[in-house]
Every structure is written in structure tokens, then in C-alpha cells.
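Novice: 3D model of this:
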Amino acid sequence: MKFFFNTSEMEEEANKQEASNAHHDSNTTILLALVPQVGMEFRTSDEAWAFWLGYGGQKGFEVRKKYTNKRASDSKITSCRFICAKEGRRSQDKRDHLTKCPRAETRTESQVYMNLKMDRKKEILKVSELVLEHNHGLHLPETLHLMVSQRKITDLQAFEIETADDAGIGPKAAHELASRQVGGPLNLSYTLRDHKNYLHSKRQRKMGYGQAGSMLKYFQDTIAENPSFQYALQMDCDEQIATIFWADAKMIMDYAHFGDVVSFDTTFGTNKERRPFGVFVEFNHFRETVVFGAALLYDKTFDSFKWLFETFLKAHN
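Specialist: Residues are numbered from 1 along each chain as shown. Next comes the predicted model:
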């Protein structure tokens, strides 16, 4: 019996196996590089934080910063600690026992952390202490895209979101299209809620050219006719007009008589700039609705409401 071997096929198979082994070794090296180790060096704290953020995304846990210490002479970071977001326990809920829906406890006293200290000679940060064992469940690969720390909208995605919105495509349809383009929602780096939040961002809330000037002129003309008229503007970090509050003389007088109880409502919808419209209202002695003030809001965040309520109190002394 004779055997015949095709040497070219054998060589090709051997090359494939070698390439596969090399690819496996490469993947193993990459995975090991993503695992924190004592002695690891980072040029900056931002570089170290990006690494910890990536590690958290790979393993399936949320991350946060515990503390940062800086050198007094040049404000350079000398030490810091990055931890699992489930570290510690939330402080005791200040609400009483009658609270119907208390917030769920989300922390488990997780001990996972990465400490970094400055190497005085090299002026770089080194991993000095490390704990990587979790006492809670981790996110499954199917839910990694829902982790807050891993969700982000790139510049290209932002452009596509704005283009779809300008074309009249609703957020839900636009998000579904973006998901299909990348092979499903698991491959998309942001959720439908992130999509909607972006549309409520500063870029979408900016006033059109000339609108701010027309509004300010109207306010100034009104004050010239009636000095009791009051208005206030909240500016954002780019000195763009954000929240707007105003109250005329009748509103101020009505508040003096009927302001013992005040209701604030933003259920009147939003305008095309997506600015929630809110009014301070109550009833007079004839059970008629009276208005104490009105506002176009930047958004419905704590900071916006805090500014608005403080401004309302100042306007009415």
C-alpha cells in the first residue's frame, strides 16, 4: 500500500495553524494588558482613569473615583483611588418611614479598588495597591451597553442624530435605524434615553439668531413702561441664555394677596426649541386662576429648578 501526501496543502494548513496560534497569543496579550497589576505605570491620572474605565467595561461593573490628592506647589496629582461604584453604603435615607417608594439600595460595600501613587523620580503614577474581587454580580455581555460609564455618543453619532432630527425623523425611529446600521442595539454605544437627552442638550436648546435680542428688547421696553416688571436670565457655561423667568406688576400684586400656596407646573409642553414652559399659579378669592410668574426652562434638572425657585423668591421679596 502506498500513501501520497500533498505537501502544499500540508504547508498551507500548518501556516493557518501558526497564524491561529499567533492570533490567540495576541488576544491573550491584549486581555492581560486590560487587567490591572501592581506596578503598572501611567503618565497622567486621565490615562489611568481611561484604563480603569475600560477594565470596568470589560468585566461588567460600574466605576467611580474615590479621591484625588494634589501637590500644593504645582497641583500635580500625587495619589488617587479608583473604585467599584458599589463601594460603601448610601447614607441613611432622611425621609420618614411613611415613604411609599424608598430608593433601592445599590451599594454592597464592594472592596474593589486601584490605588495609584506618584513615582517622585519619574513623575508618573504607579499602581501601588489593588483589589479585584467583587462581592456582587457583574453585568452580562448582553447588558454591557446599558452601563452608564460605558455609554457615550461620538461626534459622528451626534452629527447623525442632529441630521435625523432636522429631517423630521423621531428619536425612536432614528435610534432604531442607528442600531440596525451597527448590527443591533448591543453594538450601539448609547441608548434611546441618551439619544433623547442629547436632543435636549445645549446645541438643541440654543435660541435662533435674533430671538434673544428681540426678547431682551421686549423686556426692556416693558420695564420702561412699568418699572415693577421683573425678569432674570440664567446663562450656561458658554454664556448662552438658558433659563428665562419673568413676572409683571399684576403677578407680583397677586402673589402678595394669594401667594400663601403656590403651584408650579411644567405640563404645558415644550416649544420647538424643546424648552419646557412652566408657570407659578394658584387661585384667588373667586376661585380663578392667577399667575405669579412664568419661565422657559433650560431643562428639568435640579440646577435649573434650584435657580428658578430662588429667582422666583427674590422677584417677590
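Novice: Only the buried residues of whichever helix or strand residue 164 is part of, if you could.
Specialist: Secondary structure from DSSP states H and E places residue 164 in helix 155-166. Neighbour-count burial for helix 155-166 flags 157, 160-162, 164-165 (criterion: 16 or more other Cβ atoms under 10 Å). Where C-beta positions appear, they are placed from N, C-alpha and C, glycine not excepted.
Novice: can you check stretch 281-294 too?
Specialist: The neighbour-count check on stretch 281-294 (16+ other Cβ under 10 Å) flags 281-282, 290, 292-294 as buried.
Novice: Now for those: which two are most distant?
Specialist: 282 and 294 (13.6 Å; Cβ to Cβ).
Novice: re earlier: go through the buried residues of stretch 281-294 and name the one nearest residue 311.
Specialist: Using Cβ to Cβ, the buried residues of stretch 281-294 come closest to residue 311 at residue 293, 8.7 Å.
Novice: ok, then the element right after the strand or helix carrying the closest one?
Specialist: Assigned by DSSP H and E, residue 293 belongs to strand 289-296. Using DSSP H and E, the helix or strand that follows strand 289-296 in sequence is helix 302-315.
Novice: For that following helix, name the packing helices and strands.
Specialist: strand 230-235, strand 241-247, strand 289-296 (3 or more Cβ pairs under 8 Å, 6 or more residues apart in numbering; DSSP states H and E).
Novice: for the helix or strand just after the second one, packing partners?
Specialist: Yep, that's strand 241-247 we're talking about. Along the chain past strand 241-247, the next helix or strand (assigned with DSSP H and E) turns out to be helix 249-258. Judged by 3+ Cβ pairs under 8 Å, 6+ apart, the packing partners of helix 249-258 are strand 289-296.
Novice: Which strands and helices lie in contact with the strand it packs on?
Specialist: Judged by 3+ Cβ pairs under 8 Å, 6+ apart, the packing partners of strand 289-296 are strand 241-247, helix 249-258, strand 277-283, helix 302-315.
Novice: residues in contact with the last one?
Specialist: The contact list for helix 302-315 (Cβ atoms under 8 Å, 6 or more residues apart in numbering) reads 230, 232, 234, 242-243, 245, 247, 252, 264, 278, 280, 292-293, 295, 297-298.
Novice: could you redo the last one with a cut-off of 7 Å?
Specialist: 230, 232, 234, 243, 245, 247, 280, 293, 295, 297-298 (Cβ atoms under 7 Å, 6 or more residues apart in numbering).
Novice: Most neighbours of all those residues, which one?
Specialist: Within the contacts of helix 302-315, most neighbours by other Cβ atoms under 10 Å means residue 295, with 27 neighbours.
Novice: That one reaches residue 280, doesn't it?
Specialist: No: using Cβ atoms under 7 Å, residue 295 is not in contact with residue 280, being 8.2 Å away.
Novice: where do the helices sit along this protein?
Specialist: 7-33, 45-59, 155-166, 171-181, 192-199, 202-205, 211-225, 249-258, 302-315 (DSSP state H).
Novice: do you know which of those helices lies nearest residue 114?
Specialist: Nearest of these to residue 114, taken as Cβ to Cβ: helix 45-59 at 5.9 Å.
Novice: Identify the contacts common to residue 282 and residue 294.
Specialist: Residues within reach of residue 282 and of residue 294 at once, by Cβ under 7 Å, 6+ apart: there are none.
Novice: TSV for the helices of the chain, including distance to residue 144 and mean pLDDT?
Specialist: Below are the helices of the chain laid out as TSV (distance: least, Cβ to Cβ, whole Å; pLDDT from 0 to 100):
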stretch	distance to residue 144	mean pLDDT
helix 7-33	16	48
helix 45-59	6	90
helix 155-166	18	86
helix 171-181	15	89
helix 192-199	15	82
helix 202-205	28	51
helix 211-225	42	82
helix 249-258	51	91
helix 302-315	29	90
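Novice: Figure out which of the ones you listed is closest to residue 70.
Specialist: So among those, helix 45-59 is nearest, using Cβ to Cβ, at 9.7 Å.
Novice: Which strands or helices does the closest one pack on?
Specialist: If you count contacts as 3 or more Cβ pairs under 7 Å, 6 or more residues apart in numbering; DSSP states H and E, helix 45-59 packs onto strand 63-70, strand 77-84.
Novice: Including distance to residue 313 and mean pLDDT, could these go into TSV?
Specialist: Output for those, formatted as TSV (distance: least, Cβ to Cβ, whole Å; pLDDT from 0 to 100):
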stretch	distance to residue 313	mean pLDDT
strand 63-70	34	91
strand 77-84	39	93
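Novice: Switch these over to CSV; also include mean neighbour count and distance to residue 213.
Specialist: Formatted as CSV, the helices and strands packed on helix 45-59 follow (neighbours: other Cβ atoms under 10 Å; distance: least, Cβ to Cβ, whole Å):
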stretch, mean neighbour count, distance to residue 213
strand 63-70, 14, 42
strand 77-84, 20, 44
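Novice: Show me the one of those strands that comes nearest residue 316.
Specialist: Here strand 63-70 is closest among the helices and strands packed on helix 45-59 (Cβ to Cβ), at 40.1 Å.
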